[in-house]
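Peer 1: sequence first, predicted coordinates after that:
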Number of protein chains: 2
Amino acid sequence: MGVKNKPLGEQSIQFGRAPYILEYASVCGTKESEGPLKDEFDECSADDLFGCDTWEKAESALQEKTVRLLLRKSGFLSSDIRYMFAGDLLGQLIASTFGLLNFEIPFFGLYGACSTMGESLSLGAMTIAGGYADKVISLASSHFASAEKTFRFPLEYGNQRPYSATWTVTGCGAVVLGEGNENNEKNAKAKITGITTGKIVDFGVKDSMNMGACMAPAAADVIQKNLSDFGYSVNEYDKIITGDLGYIGQKILIDLLNAVDIDISKNHMDCGIEIFDSEKQDTHAGGSGCGCSASVLCGHILNKIKNHEWKKVLFVPTGAMLSPVSFNEGQSVPGIAHAVVIEGVNER
Amino acid sequence: MGVKNKPLGEQSIQFGRAPYILEYASVCGTKESEGPLKDEFDECSADDLFGCDTWEKAESALQEKTVRLLLRKSGFLSSDIRYMFAGDLLGQLIASTFGLLNFEIPFFGLYGACSTMGESLSLGAMTIAGGYADKVISLASSHFASAEKTFRFPLEYGNQRPYSATWTVTGCGAVVLGEGNENNEKNAKAKITGITTGKIVDFGVKDSMNMGACMAPAAADVIQKNLSDFGYSVNEYDKIITGDLGYIGQKILIDLLNAVDIDISKNHMDCGIEIFDSEKQDTHAGGSGCGCSASVLCGHILNKIKNHEWKKVLFVPTGAMLSPVSFNEGQSVPGIAHAVVIEGVNER
């Protein structure tokens, strides 16, 4: 093994031999195909039902399509993959259950709300760097219609949306992680050098139409811990990229970090802000959902890293632990965020 | 580090230095306090609402109570614990979110239906043996009333239950896992020497009132893989212990394994069958829920191992990937099961 993995500071891990992102793939829906990042995704479906008759089956089909594409792009068979780490927003993870069933790969089901891609990358990287597997797949998805039905109103109801509301992305992003060895180096697109795992943070926000405000404190907490655990300044990163805070959450995040003398205003980016043109596409505060950060990672972000435009980013998917049941019972919406340090490889 | 962890066979891991179960705790509800295992749990609450005003908050309170007890028994502070691996059956894991919030420990949310305790032990043990943490907590819970409301009918409806139905256990079980080093040895109650991670298995069963039939094929698959990956015969284990197959699932499991010449009839045990007296307590096929296997592990099973009555068991929590949405849309109920090899320590 050589270099050891080590726990770092309060909440982080530095990997001894950083796992590689060997390949990545993203598939999105119709609205994403009209947004600013449309050319960065591998595929955008013209049919948001993905040929199915329910929104839940559609999300499963989206996951299956993305993983098939990922395997095709990478040249691996499903039998080459030792584990899958996956999750979605639906109750009892039905999008993942039915979407990934046919691959017959040992499965760890995860729920971190919209932070799930951070959780699946973290556990996937720990598994590879711990010597437990050659290759694993980490993924997450969301679907606008299945999420609206679960968390807010069925589409047919035609409810109005306040300006603080976000628009759940119909999208899935998936990566193959592999060992950080010489064999893999030539095909590697990026590497995961460290992680900082978040705590559940509750600021008592009770507005399910303002998820940015629920998640910003968790993002601020994990970013601050990442910088102090690794001993980094903000400028260590080309970008610090949150999942789906949107415009309102972004402002809160920057303010919260300013209050502890950390200024990320110049290198902060939010996947939810990037994926849609809020004015033209009427998406209000921005995109959201675990598919938002997952698809933007497996399109825009990894493209930039592969092409050496960015050397090192902090990827921080953000989740709001919203449930229709707890919300209707008057509970607040706590947030969680998981940070992943992603760096380029094969620089010339 | 010395001895290496190694991937074993198709789906297993053998730990180089087996993580210790340093302490365990279990809390249950009223019906469990009338069952055959009542004296094995640390506590049984006389109030199934645990002082709360909703069933969901009650389940959160149950988790919080169990973890507080676990910390007290072990003498650790929450700041000694590096990660928590936890899950429950409710949509968006609200029992865990609100139950574990106050501990402020980095959190990995898991969903494996009733197999969640197997998933949380597996990932917890991988984290410890990988050198990522000194101590982690793995736990899972379920609550009869919050589960009935989520998956079947509200209690007030007073529906009749077919004989194939199981009774969701109100219970939580939690362990502290620690490094397999000499320092920890004197306090260790058991050790986790290996795991076999399950795939999602779908036999097309569509009956939400017969979960045993949904889960038995997944249990058969992972037990068979465990034996072949480790090169063990059935008699390697004092007990092979499934989570909540109940009487019907047990029969199917034994038949399925008999068909491949594996006879576990003499050492099979099912937590769901043990926890209630089915005839006296009117629980039909047996107990179920992630709290069933978790509480029986953290009571009965670990007591037997600690006292050297059992040397080695295969603990196989079984999950049915049932969701009210997918079920109402006519989908089948796939199963999943995760196997954990638990052995005694400090034998004289």
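Peer 2: On my side now, so go ahead. Computed from a predicted model, the values in this text were never measured in an experiment.
Peer 1: and the helix or strand of chain A with the lowest mean pLDDT, what does it pack against?
Peer 2: Among the helices and strands of chain A, helix A:324-328 carries the lowest confidence by mean pLDDT, DSSP states H and E, at a mean of 90. Judged by 3 or more Cβ pairs under 8 Å, 6 or more residues apart in numbering or on different chains; DSSP states H and E, helix A:324-328 is in contact with helix B:94-100. The way it works is simple: take the backbone N, C-alpha and C, and place the C-beta from them, glycine included.
Peer 1: pLDDT averaged over the helix it packs on - what is it?
Peer 2: Averaging pLDDT along helix B:94-100 gives 96.
Peer 1: and the next element down the chain from it?
Peer 2: strand B:107-109 (DSSP states H and E).
Peer 1: mean confidence for the next helix-or-strand element following that following strand?
Peer 2: Note on strand B:107-109: by DSSP H and E, the next helix or strand toward the C-terminus is helix B:116-129. Across helix B:116-129, pLDDT averages out at 98.
Peer 1: alpha carbons of helix B:116-129, as CSV, please.
Peer 2: Output in CSV follows, covering the C-alpha atoms of helix B:116-129 (Å, rounded to 0.1, in the frame of the first residue of the first chain):
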residue,chain,number,x,y,z
THR,B,116,-30.0,-1.4,7.5
MET,B,117,-28.2,-2.7,10.6
GLY,B,118,-26.2,-5.0,8.3
GLU,B,119,-25.4,-2.0,6.1
SER,B,120,-24.4,0.2,9.0
LEU,B,121,-22.2,-2.5,10.6
SER,B,122,-20.5,-3.2,7.3
LEU,B,123,-19.7,0.4,6.5
GLY,B,124,-18.7,1.1,10.1
ALA,B,125,-16.4,-1.9,10.2
MET,B,126,-14.9,-0.9,6.8
THR,B,127,-14.3,2.6,8.2
ILE,B,128,-12.5,1.3,11.3
ALA,B,129,-10.5,-1.4,9.6
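Peer 1: run the chain-centre distance for that helix.
Peer 2: Distance of helix B:116-129 from its chain centroid, counting by Cα atoms, centre = their mean, to the nearest Å, is 11 Å.
Peer 1: now do the buried residues in that helix.
Peer 2: B:116-129 (16 or more other Cβ atoms under 10 Å in any protein chain shown).
Peer 1: stretch A:150-168 too?
Peer 2: A:150-152, A:161, A:164-168.
Peer 1: returning to that earlier point: among the buried residues of helix B:116-129, which two are most distant?
Peer 2: In terms of Cβ to Cβ, those reach their longest pairwise distance at B:Thr116 and B:Ala129, which sit 20.0 Å apart.
Peer 1: could you dump the least confident helix or strand of chain A to CSV, C-alpha only?
Peer 2: Extracted in CSV, the C-alpha atoms of helix A:324-328 (Å, rounded to 0.1, in the frame of the first residue of the first chain):
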residue,chain,number,x,y,z
PRO,A,324,-43.4,15.8,3.8
VAL,A,325,-44.4,14.1,7.1
SER,A,326,-42.0,15.9,9.4
PHE,A,327,-42.7,19.2,7.6
ASN,A,328,-46.5,18.8,8.0
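Peer 1: and the helix or strand following that helix, what does it pack against?
Peer 2: For helix A:324-328, the following helix or strand on the C-terminal side (DSSP H and E) is strand A:335-337. Strand A:335-337 sits against helix A:211-230, strand A:318-320, with contacts defined as 3+ Cβ pairs under 8 Å, 6+ apart.
Peer 1: tell me the strands beside the last one, with direction?
Peer 2: Spelled out, that is strand A:318-320. Strand A:318-320 has the following strand partners under DSSP bridges: strand A:335-337 (antiparallel).
Peer 1: what about the partner strand, distance to the chain center?
Peer 2: For strand A:335-337, the distance to the chain centre is 12 Å (Cα atoms, centre = their mean).
Peer 1: also stretch A:30-45?
Peer 2: Taking mean C-alpha positions (Cα atoms, centre = their mean), stretch A:30-45 and its chain are 17 Å apart.
Peer 1: and that stretch, what's buried?
Peer 2: Result for stretch A:30-45 [16+ other Cβ under 10 Å]: buried residues A:31-33, A:35, A:37, A:40-42, A:44-45.
Peer 1: hmm, who's touching that stretch?
Peer 2: Residues outside stretch A:30-45 that contact it (Cβ atoms under 8 Å, 6 or more residues apart in numbering or on different chains) are A:25-29, A:46-48, A:62, A:65, A:69, A:73, A:144, A:167, A:169-171, A:274-277, A:281, A:283, A:295-296, A:298-300, A:303.
Peer 1: which among those count as buried?
Peer 2: Counted by 16+ other Cβ under 10 Å, the contacts of stretch A:30-45 give A:25-29, A:48, A:62, A:65, A:69, A:144, A:167, A:169-171, A:274-276, A:281, A:283, A:295-296, A:298-300, A:303 as buried.
Peer 1: from the helices and strands packed on strand A:335-337, which stretch is densest packed?
Peer 2: strand A:318-320 (a mean of 33; mean count of other Cβ atoms under 10 Å in any protein chain shown).
Peer 1: any idea of the mean pLDDT in that strand?
Peer 2: 96.
Peer 1: try stretch A:142-150
Peer 2: On average, stretch A:142-150 scores 94.
Peer 1: show me the helices in the stretch 1-150 of chain A, by range?
Peer 2: A:55-74, A:94-100, A:116-129, A:144-151 (DSSP state H, counting those that start in this stretch).
Peer 1: can you pull the residues of the stretch 201-348 of chain A lying near chain B?
Peer 2: The stretch 201-348 of chain A has residues A:202, A:321-326, A:329, A:331, A:334, A:336 near chain B, with proximity defined as Cβ under 8 Å from any Cβ of the partner chain.
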